[in-house]
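In: Below is the sequence, then the predicted model.
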Amino acid sequence: MAGGYKLQLTVTATRPVEIGPAGLHTASAIEHLRLVRGLTQHQLAARCTALGRPMANTALSRTERARRRCDIDDLVAIAAALGVSPTVLLPLCSPASPAPHLVTQPLNRFQEALLV
């Protein structure tokens, strides 16, 4: 730009993005599998940290209660720390998933398109 000035825009969200059905399912699946494995939140968070994804137990607690979004890096680390594939924690997993009490809704057109 002329005169050596740079224009920098900062865009902030007006409200947080709500956690949808897939996020709610994943949060519940994380908690369920953690409990099945006999781990505390602190232990699971420590495992994630040891795998290279620093995570506090408060972050894990908020994730399980669906008060914090679980990004893809968190999902991969949590799954590895639990000894499962990340897909096991997602709602599109097989019926033999370790969380059979979590009933998923029929696939919508968007979900079906993702599977093609």
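Out: Happy to help now that I have it.

In: can you give me the helices in this protein?
Out: Assigned by DSSP state H, the helices in the chain fall at 21-36, 41-50, 57-64, 72-82, 109-115.

In: How much space separates Arg47 from Leu35?
Out: Separation of Arg47 from Leu35 (Cβ to Cβ, to the nearest Å) stands at 15 Å. For the C-beta atoms, the positions are set from N, CA and C on the backbone; glycine is no exception.

In: Spit out the contact partners of Leu90.
Out: Contact analysis of Leu90 by Cβ atoms under 8 Å, 6 or more residues apart in numbering lists Ala22, His25, Thr26, Ala29.

In: any idea of the pLDDT on the third one?
Out: What it means is Thr26. Here, the pLDDT recorded for Thr26 equals 95.

In: need the contact list for the residue lying closest to it once chain neighbours are set aside.
Out: Using Cβ to Cβ, 6 or more residues apart in numbering and skipping residues adjacent in sequence, the residue nearest Thr26 is Leu89, 5.1 Å away. For Leu89, the contact set (Cβ under 8 Å, 6+ apart) comprises Thr26, Ala29, Ile30, Leu33, Leu75, Ile78, Ala79.

In: looking at the residues you listed, which has the most residues close by?
Out: Most neighbours among these, by other Cβ atoms under 10 Å: Ile78, with 28 neighbours.

In: Please identify which of the contacts of Leu89 is nearest to Arg62.
Out: Ile30 (11.4 Å; Cβ to Cβ).

In: Report pLDDT for Met1.
Out: 49.

In: now Pro86
Out: Reported pLDDT at Pro86 in the predicted model: 93.

In: Can you get me a residue count around it?
Out: As a measure of burial, Pro86 has 16 neighbours, counting by other Cβ under 10 Å.

In: can you pull the contacts of it?
Out: Leu75, Val76, Ala79.
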